[in-house]
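sequence first, then the predicted structure:
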Amino acid sequence: MSQPGKRYRVNLFRPKKGHMRDEVLIILAILFGWGVCTFGFQVLVYLSRGTGAGSILTRLTLFNLPLHFWFTGQLLPLWFIVLCVAFNLYIDRITEYHSRRRDRSYE
């Protein structure tokens with residue numbers, strides 16, 4: 001920021017064209033994927049609750065654990081790691097794509 005009068009503005013709801021717009025799209029997609037798995041499963045547990053013996057999610061087992069426990073204790077952390085890897089790979093690709101485009105425009 002060598003120019004004191006000029007401010008750098010970033011707005012998540014109105015991103016600039018190019019790299020910033022692509023980055024905001026992947027951020028929103030990753031947040032949507034995280035939210036669907038995290039909160040959608042809680043809605044599924046609530047909707048599938050049963051009376052007496054419990055819900056079908058507590059009766060089903062996977063690796064000798066109730067399905068709802070395995071999902072929240074094992075799959076959600078793995079899903080988070082998958083989303084982080086996907087985010088980083090996508091950001092690397094769009095950064096490379098936009099840097100190549102910018103280099104071509106200077107020629």
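That came in fine, so what should we check first? All values derive from a computational prediction rather than experimental measurement.

got a list of what residue 80 touches?
residue 34 (CB atoms under 8 Å, 6 or more residues apart in numbering). Just so you know, the C-beta spots here come from the backbone N, C-alpha and C atoms, and that holds for glycine as well.

residue ranges with poor pLDDT in this protein?
Applying pLDDT under 70 to the chain flags residues 1-5, 8, 10, 12, 19, 50-55, 105-107.

center of it, which residue is that?
residue 30 (2.0 Å; CA atoms, centre = their mean).

and it, how close does it get to residue 80?
10 Å (CB to CB, to the nearest Å).

cool, residue 69 as well?
From residue 69 over to residue 80 (counting by CB to CB), the distance is 17 Å.

please apply the same query to residue 21.
25 Å.

same check on residue 68?
18 Å.

all strands of this protein, in order?
61-62, 65-66 (DSSP state E).

paired strands for the last one, with orientation please.
Strand 65-66 has the following sheet partners, assigned by DSSP bridges: strand 61-62 (antiparallel).
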